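Peer 1: The sequence and its predicted three-dimensional model are supplied below.
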Amino acid sequence: MSSRGLSRGAIVAAAVRIADAEGIAALSMRRLATELDSGVMSLYRHVANKDTLLTAITRAACDEHPYPEPAPPDWREAMRLAARLDWEVYCTHPWALVTSSSARHFSDTSCLDWMVDALADLTDDPDLARSFSIAVWSYVQGVCIQHLAQQLLSGGDKPEQSPLRATEDDFDLGLETLLDGMEQRAARHRSDDADTPFTRTFPVTAPR
């Protein structure tokens, strides 16, 4: 591809193909230039550096399975949907497990905002909703690492699967267990707030 035929979209698409086929460690500007039959310097007209490239391919991977607007009205269904969409992203692009967890390569908070808003019926405490959202993300990533470990490591064409490999059934059961725990924790949080006595503080005034 000549430098005139290059575009940011074509560069990002080629980078995704390389990362999918060879792993994120194999992705470099030189490898990308070879894939596109272009000069390395021509790439820098469209992407400033490799960090910018990794941010772009992470965004592209996530955009394949976007969170819907509006979110499902039931908070459990919303969390199930978010977890399943993230599962699909990681299963399709295992390298996104790494790049989406790096502040240098992915700092978009729109998904976090979506989850916090979707938890409004569970809790009105935004800090607790944020912690729940992070817990769901961390759970999905952890199970995906177990599920995709063999793909994240270099090996033969037909690697032996670990007996500890997580299955989709494991994923679904663990997620429901996590959601049960979130519901119980939110109920305790509401109860603690209700049991806290309200103390009114009056200003101290000097004697007349």
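Peer 2: Nice, thanks for sending it over.

Peer 1: quick one: the helices in this structure?
Peer 2: For the chain, applying DSSP state H gives helices covering 8-22, 29-36, 40-43, 50-63, 75-92, 96-99, 110-118, 126-152, 168-195.

Peer 1: Find the centremost residue of this protein, please.
Peer 2: The C-alpha lying nearest the average C-alpha coordinate of the chain belongs to Ser100 (CA atoms, centre = their mean; 5.5 Å).

Peer 1: which residue sits closest to that one, ignoring its sequence neighbours?
Peer 2: Once flanking residues are discounted, Ser100 sits nearest to Phe106: 4.8 Å by CB to CB, 6 or more residues apart in numbering. No exception for glycine: its C-beta is placed from N, CA and C like everyone else's.

Peer 1: what does Ala118 give?
Peer 2: Excluding its sequence neighbours, the residue lying closest to Ala118 (CB to CB, 6+ apart) is Ala78, at 3.7 Å.

Peer 1: and what of Ala135?
Peer 2: Per CB to CB, 6+ apart, closest to Ala135 is Leu178, 6.7 Å.

Peer 1: Next up, the contacts around Asp20.
Peer 2: Thr92, His93, Trp95 (CB atoms under 8 Å, 6 or more residues apart in numbering).

Peer 1: Now list the buried members of those.
Peer 2: Taking 16 or more other CB atoms under 10 Å as the criterion, what is buried in the contacts of Asp20 is His93, Trp95.

Peer 1: what's the closest of the contacts of Asp20 to Ala33?
Peer 2: Using CB to CB, Trp95 comes nearest to Ala33 of those, at 19.4 Å.

Peer 1: re the thing from before, closest to Ser7 out of the contacts of Asp20?
Peer 2: Minimum distance to Ser7 across those is 20.9 Å, recorded for His93 (CB to CB).

Peer 1: Pro68 reaches Ala78, doesn't it?
Peer 2: No. With contact defined as CB atoms under 8 Å, Pro68 does not reach Ala78; the gap is 9.3 Å.

Peer 1: Of these two, which one has the most company?
Peer 2: Neighbour count, other CB atoms under 10 Å: between Pro68 and Ala78, Ala78 has more, with 24 against 11.

Peer 1: wait, the more buried one sits on Pro72?
Peer 2: Yes. The criterion here is CB under 8 Å, and Ala78 meets it with Pro72 at 4.6 Å.

Peer 1: Mutual contacts of those two, please.
Peer 2: Ala118.

Peer 1: Report the residue ranges of every domain in the chain.
Peer 2: 3-60, 66-188 (automatic domain parsing).

Peer 1: and stretch 119-131, which residues are buried?
Peer 2: Buried, per 16+ other CB under 10 Å, within stretch 119-131: Leu119, Leu122, Thr123, Leu128, Ala129.

Peer 1: and what of stretch 44-57?
Peer 2: In stretch 44-57, counting by 16+ other CB under 10 Å, buried: His46, Val47, Leu53, Leu54, Thr55, Ala56, Ile57.

Peer 1: likewise stretch 5-21?
Peer 2: Leu6, Ile11, Val12, Ala14, Ala15, Val16, Ile18, Ala19, Asp20.

Peer 1: wait, what's in contact with the residue lying closest to the second one once chain neighbours are set aside?
Peer 2: Right, the one you point to is Ile11. Closest residue in space to Ile11, ignoring its immediate chain neighbours: His46 at 5.4 Å, by CB to CB, 6+ apart. Neighbour list for His46: Leu6, Ser7, Arg8, Ile11 [criterion: CB under 8 Å, 6+ apart].
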